[in-house]
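S.K.: Sequence first, then the predicted structure:
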Amino acid sequence: MRETKIVYNDSVTRYFIFASILFGIVGMLVGVLVAAQLAFWQANFDTSWLSFGRLRPLHTNAVIFAFVGNMLFAGIYYSTQRLLKTRMASDLLSKIHFWGWQLIIVAAAITLPMGITQGKEYAELEWPIDIAIAVVWVVFAINFFWTFKKRNEKNIYVSIWFYIATIITVAVLHIVNSLSLPLDFFKSYSIFSGAQDALVQWWYGHNAVAFFLTTPILGIMYYFMPKAVEKPVYSYRLSIIHFWALVFLYIWAGPHHLLYTALPDWAQTLGMVFSVALWAPSWGGMINGLLTLRGAWDKLRTDPVVKFLAAGITFYGMSTFEGPMLSIKSINALAHSTDWIIAHVHAGALGWNGFMAAGMFYWLIPRLFDTKLYSKKMADFHFWVGLIGILLYVAAMYASGLTQGLMWRALSADGTLTYPNFLESIIASHNMYYLRIVGGSLFLLTFILMAYNLVRTALSGRAVDGVVHVIVEEKQEEVSTKRLLMSPTFCLVVVGLALLFLLASKSIVQSFLVLFAFAVLIVAAVIMVSKKIDRPGGKSWHEALEGKPFLFASLVLVAILIGGAAEIIPPLMSKDALSFQHAATPYTPLELVGRDIYVREGCYNCHTQMVRPLVSETMRYGPYSEAWESMYDHPFQWGSKRTGPDLQRVGGKYPDLWHYKHLVDPRSTSQGSLMPSYAFLEKTNVDFDTLSHRVKVMKQLGVPYTDADIYLAPINAKDQAKKIAQGLKAQGIRTSSESELLAMIAYLQKIGKDHKQFSKEQP
Amino acid sequence: MNIIVLLLFISFVLVLGAVLLFVYSGRNHDLDHSDELSLMPLDDELYQGKEENTHERNEDSL
């Protein structure tokens, strides 16, 4: 045995905290601006790079990856070193991680307002930045797991499990969802299309919430809540159970974003059921966090850190009850695409992520600077006014969301739509949009107050790094990894998990095999936890596993791959799984350019292209959307929010003149519209020389273009544009036949046309 | 086969199994080591000191 002194690298923690605070302010400021744009369309300033469609992705990326991202890294670096009783393995890798991540954020801040986007929510960043993210993430992973190798603490505390799950799963999600074929340095097309792309996107999108916004923060909760209240976690056993349940179940939940869409019913049902099941492990975390306060409830009154952490966990509980409820199809039918979803998101983002961040920062900064918090009163003020801000925000969005959902589905006594004009729902929501600005601004202002408080705290102290003296013991004989993997227990688990893949099958025999698989899993779980692996009174299987981080990480990987594989592989392997009734006609070159402009301008942020099979929807928009209609859409543009009407059946609904007027001045055709003006599209020309390459890339992705289509693309596009220009000229509008505006009109006139054509051809 | 029927049955099996596992595991004191592990965040407070972070001493500063 020998004693050794460990000096933790707390510099990196300090830097991540201040980066999180800075970008949190930036991200929330953009959030207040986009909220203002939804109340006052003039706040788009008729400027392309300030328009809502381009700024909303900047807001989401900034708050998720810059604010929460930096915060979770700070928490992970601080707690991991102390839980493993070793300094981070490499100061160099820590620096590369920090600066690499900030460069990615800056790249996002520059490219997104420029319209450089992949057009997929929370995955908008184009392929060079995607590669940078992967590289930085690998650096982070190497640093993290290398630290494991050097640890002086054999067992892994539960927080570390959550960090492992985060690192493994985010890597998988990011790589798969970012798969795309570049057109050039600034543009690429998703290799998936239509319903497949939707499934992959929301497998990613929901699990970005799960494994970026939830699991690392749960790990942080398990470390900082006991620290703050000076009590151990309420139930470590509960943390074991809820960890594995959470990690396994979360991955399946993605399709709950696609309920009543053209996604096959079996996938929707899986998403719904597993989302409801997810309520239990999520509340396991909430219960564990809140009941850690047992015997220390008085700290809620006296300590702002505990206020923030407890309120954060409470918001987590609310959101993880609401989420499963929203995943039930009948409730989702009302809530989908409304502001109710915005309320749900922001209760979680501001309440859970925002308040957990604040609690952690208030606890950490005084200790990292060897001083006391500058002003406890300011911190208390931050809590109460910030809380009021959150409540105003979500209350406003609940009101507007319910209003929208109910108005969209309302039928009069004669069976017609009570509110046939979509804009009536937006006008009815307007007052709530003003209130949202107030709520969001309060949250931002108190966040800035926190920044002031923490900067003053830091300036009053001196930067210190934690020091610990550890006794390093000689390595004891452990249960070998080979013995663990060859144990009957593990073999049973593997067999059981493999049989789960049959869940997507339709055969009765295979269904019973699935039942058998689950029974096997239960038995295996019983044996795994209870059987002593080496000798009576020795370690249980799980206890032995907790000391083996690489095996632990491998099992986490298996757990998260199952859900993704079960849902994503069948549609990729079999057209039957997606039930394509017909084949769509590929876009013409001009329509393709128009579609790229639609993606660039972020039109999917306000418009959906997915008519659901609900009576009120088909009455309002036309026949419900079918999967085959978007089979060549790289990326899919089904959308998720309706601040404007659905566009799936807009093709041929209005003449070109209407679209021209609507794009140049939306209020000239639609009184009460919040849409920004896209008059600038008239001043920008299409680069026809790139069209052949564009069509060629689409052909590589499987769209059935011919060589003639590729060769003649520029000519065909110019011809089609000239026809539109001539038609407009005949109605008194003189506009260049080369403008992007005409390309956009061409695309809009195509949407849904295939379905009309097939409907005509039906006997 | 209607997948809801299948999933309901599986859910029942899972819940029943989980309850049995919980009771069995608790009676066997299988996770007693967890009481020790839950103290880990509090343990490091006992031994922790601090050292000033200066550019001169720490060559690896950001």
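M.R.: Ah, there it is. Treat the numbers as computed from the prediction; the structure is a model and nothing was measured. Numbers count the residues shown, from 1 in each chain, chains lettered A, B, ... in the order given.

S.K.: Could you point out the longest helix of chain A?
M.R.: When chain A is parsed with DSSP state H, its longest helix is helix A:423-459.

S.K.: Output the contacting helices and strands for that helix.
M.R.: helix A:11-39, helix A:355-368, helix A:376-409 (3 or more Cβ pairs under 8 Å, 6 or more residues apart in numbering or on different chains; DSSP states H and E). All C-beta atoms are positioned from the backbone trio N, CA, C, and that covers glycine.

S.K.: buried ones in it?
M.R.: Buried residues in helix A:423-459, counting neighbours by 16 or more other Cβ atoms under 10 Å in any protein chain shown, are found at A:424-426, A:428-429, A:432-433, A:435-447, A:449-451, A:453-454, A:457-458.

S.K.: Toward the C-terminus, what is the element adjacent to that helix?
M.R.: Using DSSP states H and E, the next helix or strand after helix A:423-459 towards the C-terminus is strand A:464-472.

S.K.: Is any residue of that following strand near chain B?
M.R.: Yes. Using Cβ under 8 Å from any Cβ of the partner chain, strand A:464-472 reaches chain B at A:464, A:465, A:466, A:467, A:468, A:469, A:470.

S.K.: Buried only: go through the residues you listed for me.
M.R.: Here, 16+ other Cβ under 10 Å leaves A:464, A:465, A:466, A:468, A:470 buried among these.

S.K.: Distance to residue A:110 for the helices and strands packed on helix A:423-459 - can I get that in TSV?
M.R.: Listed next are these as TSV, based on distance: least, Cβ to Cβ, whole Å:
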stretch	distance to residue A:110
helix A:11-39	13
helix A:355-368	25
helix A:376-409	28
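
S.K.: from the ones you listed, which stretch is densest packed?
M.R.: Mean neighbour count, computed with mean count of other Cβ atoms under 10 Å in any protein chain shown, is highest for helix A:355-368 among the helices and strands packed on helix A:423-459, reaching a mean of 25.

S.K.: what is the rounded mean pLDDT of that helix?
M.R.: In this model, helix A:355-368 has a mean pLDDT of 97.

S.K.: what packs against that helix?
M.R.: helix A:11-39, helix A:69-84, helix A:215-229, helix A:304-326, helix A:376-409, helix A:423-459.

S.K.: okay if I get those as a markdown table plus distance to residue A:697?
M.R.: Output for the helices and strands packed on helix A:355-368, formatted as a markdown table (distance: least, Cβ to Cβ, whole Å):
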| stretch | distance to residue A:697 |
| --- | --- |
| helix A:11-39 | 32 |
| helix A:69-84 | 31 |
| helix A:215-229 | 36 |
| helix A:304-326 | 37 |
| helix A:376-409 | 38 |
| helix A:423-459 | 37 |
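
S.K.: can you list those helices in a markdown table and add mean pLDDT?
M.R.: As requested, those are arranged in a markdown table below (pLDDT from 0 to 100):
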| stretch | mean pLDDT |
| --- | --- |
| helix A:11-39 | 98 |
| helix A:69-84 | 97 |
| helix A:215-229 | 97 |
| helix A:304-326 | 97 |
| helix A:376-409 | 98 |
| helix A:423-459 | 97 |
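
S.K.: how about the strands in the chain?
M.R.: I went with chain A, as the question did not name one. In chain A, the segments counted as strands under DSSP state E are A:2-7, A:180-184, A:187-190, A:464-472.

S.K.: Can you look at chain B instead?
M.R.: B:48-52.

S.K.: re the thing from before, which one of the helices and strands packed on helix A:355-368 lies closest to residue A:115?
M.R.: Nearest to residue A:115 among those is helix A:11-39 (15.4 Å), distances taken as Cβ to Cβ.

S.K.: just the angle between that closest one and helix A:69-84, please?
M.R.: 150 degrees (axes from the mean of the first three to the mean of the last three Cα atoms, to 10 degrees).

S.K.: Can you pull out the low-pLDDT segments for chain B?
M.R.: For chain B, the stretches flagged by pLDDT under 70 are B:1-3, B:25, B:29-32, B:44-62.

S.K.: Longest helix of it, counting residues only.
M.R.: Max-length helix for chain B by DSSP H is helix B:3-27.

S.K.: Would you mind pulling up the elements that that helix packs against?
M.R.: helix A:236-250, helix A:265-277, helix A:508-530.

S.K.: Near the closest residue to residue A:563 other than its chain neighbours, how many other residues are there?
M.R.: The shortest distance from residue A:563 to any non-neighbouring residue, by Cβ to Cβ, 6 or more residues apart in numbering or on different chains, is to residue A:251 (3.2 Å). Residue A:251 is flanked by 26 other residues according to other Cβ atoms under 10 Å in any protein chain shown.

S.K.: Residue A:135 too?
M.R.: Applying other Cβ under 10 Å, I find that residue A:135 has 13 neighbouring residues.

S.K.: got a list of what it touches?
M.R.: Contacts for residue A:135 (Cβ atoms under 8 Å, 6 or more residues apart in numbering or on different chains) come out as residue A:100.

S.K.: can you check residue A:386 too?
M.R.: Here residue A:386 is in contact with A:350, A:354, A:355, A:358, A:442, A:443, A:446, A:447 (Cβ under 8 Å, 6+ apart).

S.K.: where's residue A:703 relative to residue A:633, distance?
M.R.: 10 Å (Cβ to Cβ, to the nearest Å).

S.K.: Those two: who's more crowded?
M.R.: Neighbours were counted for residue A:703 and for residue A:633 using other Cβ under 10 Å; residue A:633 has more, 25 against 20.

S.K.: My guess is the more buried one contacts residue A:194. True?
M.R.: Yes. The criterion here is Cβ atoms under 8 Å, and residue A:633 meets it with residue A:194 at 5.2 Å.

S.K.: that older thread, where among the helices and strands packed on helix B:3-27 is average confidence lowest?
M.R.: Mean pLDDT per stretch puts helix A:508-530 lowest among those, at a mean of 62.

S.K.: Surely residue A:563 is in contact with residue A:271?
M.R.: No. Counting by Cβ under 8 Å, residue A:271 is not a contact partner of residue A:563; they are 9.7 Å apart.

S.K.: Now do the shared contacts for these two.
M.R.: residue A:252.

S.K.: Compare the two and say which is more crowded by neighbours.
M.R.: Set residue A:563 next to residue A:271 and count neighbours by other Cβ under 10 Å: residue A:271 wins out with 27 against 24.
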